[in-house]
Structures are given as structure tokens and as C-alpha cells.
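Engineer: Just to be clear, the model below is a prediction. Sequence and coordinates:
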Amino acid sequence: MNWPVIRHADVLVMLAESINETSANSETLPEGATMDKAYEATNRVRRRARNLDPNLPNPTVDLKGGGGSDFRQQIRN
């Protein structure tokens, strides 16, 4: 049987990308979707990749800043 497998990290990055692109195109975000949520999703992936607790903020690893092309590039990196 063929079962699609999507990693949790992929879903978090897709969430961050979709919030960023929707916001960058001046479209209305769904209720509860904010750039803070996009950064938190990305930072959870970054913390987990460094074997840290993904739910606890870590200033040495976490990304911060605005949205748009800067955030898009941070995700790519």
C-alpha cells in the first residue's frame, strides 16, 4: 500500500509559509493566524533540530523580525 507520509516539521513550515505569503500579499489572514504564530512554528522546527525542547523559547536559535521577503529567506536558509 502507498501511504503518504508528511512530517510534522513539514506541516509547521507550510503553516509559516502560508501565513507569510498571505500577509505579504495584503490578504486577510484567518482568525488566529499571525506572523507571531508563523515565527513560532518555524522556531519549533529549529529548536527540535538542535535537540532542544521545541516548546521553550531559546534566544540563541529563534528567528525574529518582520514578514515578507525577509522571513521567506529565513525559512529557505
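Structural biologist: Noted; the coordinates are in hand.
Engineer: Return the longest helix in the protein, judged by number of residues.
Structural biologist: Longest helix of the chain, by residue count under DSSP state H: helix 8-24.
Engineer: where in the chain is pLDDT low?
Structural biologist: In the prediction, the chain carries no residues with pLDDT under 70.
Engineer: give me every residue that touches residue 61.
Structural biologist: 43, 46-47, 50, 52 (C-beta atoms under 8 Å, 6 or more residues apart in numbering). C-beta here means a position set from N, CA and C on the backbone, and glycine is covered the same way.
Engineer: and those, which of them are in helices?
Structural biologist: 43, 46-47.
Engineer: how about a markdown table for the residues you listed, with neighbour count and distance to residue 31 added?
Structural biologist: Listed next are these as a markdown table, based on neighbours: other C-beta atoms under 10 Å; distance: C-beta to C-beta, whole Å:
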| residue | neighbour count | distance to residue 31 |
| --- | --- | --- |
| 43 | 19 | 22 |
| 46 | 17 | 26 |
| 47 | 18 | 26 |
